[in-house]
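# Structural data only, the sequence is not supplied:
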């Protein structure tokens, strides 16, 4: 790990500007870092990546992202975890799946960044088949549920398990299918009920529900009485769950449910008869109080964007953009429009960037003359939509757009354009208001962040910090600020970039900040502004 000056400082001086700004996070220098499974937990960004010392295949790292503080997760004995996947944060703990040394993979939880991980499952058998959970956990009315496959001798297939965070409290929740996979994937939560695709071994993959109890876990409806009836993704819209359903009579179409068998119904047979309309991946998108999806009515219109208000008569085509089946991918809502990756099957041109405001006349290509090739991985950073694009020589570039042709262009660290390149299979995340991505600088991989907030240190601000006292810290009810320098503004930010408190001050030198309504254990940034400087201090809310 590299050390930086920022690592040893307890304060940050933040200068706000609208300029592009990249920052190397100093995580790892080598052939590839390949970060993935980004997860925010207790003021830190956790992720998996290649181990810098090649001790394991993948280490779990954490950084607060703003001050360049990076650490590798170790056990209580100082041994490095080989982590397969970060499952997520549930009931205040970070859950992950991994192993130490030659031990089999197990389920672990991390109560806090400064504490040691706790082993949850315990197979005690290096030969045991303990498979990675394929979905995230779900907190269902206080019951933690997750899918897991241990071995055919114990449970034959992926099933729902439950844990209370202890080894003794981790058990099979329900064996839905005694002869194979009983659980497939989650669809969504509606009114305290989690819906999922389940298979009891007799009816195929169908719509199931659970309220967190065994008695409250059952099949809602056998959509296809002759085979698998439910596939793919789900989304909640207008107090109903929408999903992809398949029947011999209607093919693959959009269905919805209110949670009852009689209330589980076909929305519309878009492609009349057994042909597929939206099929298995409709790419649901909520926009302007309507549900958008990709589908086909079987006519010359082909596969296009459609939208619905939840009724058959209120389901309509957005626009017939091309002859035949258009390729529409990665729909992302940004600044009053849906941006998406689009390709005309009749042209040899690569996929381009398009956007729609929900009307036919407002559906158009963004920057048609720009060399954007196969845009994807779209994230909002400040007032920009940042995305990844290929180049003609098959390398990768970061682009940004504000929705105008002039405001759509490549972004790179100033002065490093010829030495800097985004990792081709990079994963992205937004943390602390900045975009994090892996990139190469002179062939060395590292984690970089991008945003409009410049992080700098100034002599004036360092001197000002010595004249400002913030106490107590950690605090539970109130924080006091005493300053020898008159203050004109105070702002409190959450670590995800949200502004929590803001107050204009009239040359105040003493300030009380009430924090009793904030989450215990949370981390925040307190920005204090005077006429000549800004000082930012990290604040922790006491448990």
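Great, that's in hand. It should be emphasised that the depicted structure is a prediction, and the values quoted were computed from it without experimental measurement.

# Contacts for the helix or strand hosting residue 479, please.
For residue 479, the host element (DSSP states H and E) is strand 478-494. Identification of contacts with strand 478-494 by Cβ atoms under 8 Å, 6 or more residues apart in numbering yields 464, 467-473, 499-516, 522, 524-533, 539. Where C-beta positions appear, they are placed from N, C-alpha and C, glycine not excepted.

# let's go with 7 Å and repeat that
Contacts with strand 478-494, where a contact means Cβ atoms under 7 Å, 6 or more residues apart in numbering, come from 464, 467-471, 499-505, 507-515, 524-531, 539.

# buried subset of those?
Buried residues within these, counting neighbours by 16 or more other Cβ atoms under 10 Å: 464, 468, 470, 505, 511, 513, 515, 524-530, 539.

# What count of nearby residues applies to the closest residue to residue 443 other than its chain neighbours?
For residue 443, ignoring the flanking residues on the chain, the nearest one in space by Cβ to Cβ, 6 or more residues apart in numbering is residue 31 at 7.9 Å. Number of residues near residue 31 (other Cβ atoms under 10 Å) recorded here: 11.

# secondary structure class for residue 31?
Secondary structure for residue 31, judged by DSSP: H, G, I helix; E, B strand; the rest coil, is coil.

# Tell me where the protein has helices.
Ranges of helices in the chain, per DSSP state H, are 459-465.

# Okay, now the unreliable bits of it?
1-21, 23, 25-30, 65-69, 123-130, 152-154, 279, 452-466, 495-498 (pLDDT under 70).

# Residue 478 versus the residue located most distally from the centre of it, what's the distance?
Distance from the C-alpha centroid of the chain peaks at residue 484, with 42.6 Å (Cα atoms, centre = their mean). Separation of residue 484 from residue 478 (Cβ to Cβ, to the nearest Å) stands at 21 Å.

# was I right about residue 318 contacting residue 306?
Yes. Using Cβ atoms under 7 Å, residue 318 makes contact with residue 306 at a distance of 6.2 Å.

# Between these two, tell me which one has more neighbours.
Legend: neighbour count by other Cβ under 10 Å for residue 318 and residue 306, higher for residue 306 (25 against 20).

# how near is that one to residue 294?
Distance of residue 306 to residue 294, computed by Cβ to Cβ: 7 Å.

# In contact with residue 307, which residues?
Counting by Cβ under 7 Å, 6+ apart, residue 307 has contacts 290, 291, 292, 316, 318.

# Tell me what the residue nearest to the second one when sequence neighbours are not counted is bridged to.
Using Cβ to Cβ, 6+ apart and skipping the chain neighbours, the partner closest in space to residue 291 is residue 237 (4.5 Å). Note on residue 237: beta-bridge partners residue 240, judged by DSSP bridges.

# Give the burial count for residue 237, as a bare number.
18.

# go on, residue 202?
10.

# mind checking how far it is from residue 219?
From residue 202 to residue 219 the distance is 10 Å (Cβ to Cβ).

# ditto for residue 363
Noted for residue 363: a distance of 40 Å to residue 219, by Cβ to Cβ.

# Please say which of these two ends up with more neighbours.
The neighbour comparison of residue 363 against residue 219 (other Cβ under 10 Å) goes to residue 363, with 20 against 17.

# so what's that one closest to, chain neighbours aside?
residue 356 (3.9 Å).

# What is the neighbour count of that neighbour?
Burial of residue 356 is recorded as 23 neighbouring residues (other Cβ under 10 Å).

# now it, which residues is it bridged with?
Listed by DSSP bridges, the beta-bridge partners for residue 356 are residue 338, residue 363.

# buried ones in the strand holding residue 479?
By neighbour count with 16+ other Cβ under 10 Å, strand 478-494 contains the buried residues 479, 481, 483, 485, 487, 490, 491, 492, 493, 494.

# now stretch 378-391
The neighbour-count check on stretch 378-391 (16+ other Cβ under 10 Å) flags 378, 379, 381, 382, 384, 385, 386, 387, 388, 389, 390 as buried.

# Reformat the residues you listed as JSON lines; add distance to residue 165.
Formatted as JSON lines, the buried residues of stretch 378-391 follow (distance: Cβ to Cβ, whole Å):
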{"residue": "378", "distance to residue 165": "36"}
{"residue": "379", "distance to residue 165": "32"}
{"residue": "381", "distance to residue 165": "35"}
{"residue": "382", "distance to residue 165": "38"}
{"residue": "384", "distance to residue 165": "40"}
{"residue": "385", "distance to residue 165": "39"}
{"residue": "386", "distance to residue 165": "37"}
{"residue": "387", "distance to residue 165": "39"}
{"residue": "388", "distance to residue 165": "37"}
{"residue": "389", "distance to residue 165": "43"}
{"residue": "390", "distance to residue 165": "44"}
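
# can you give me the end-to-end distance of stretch 197-213?
Counting by Cα to Cα, to the nearest Å, you get 17 Å between the two ends of stretch 197-213.
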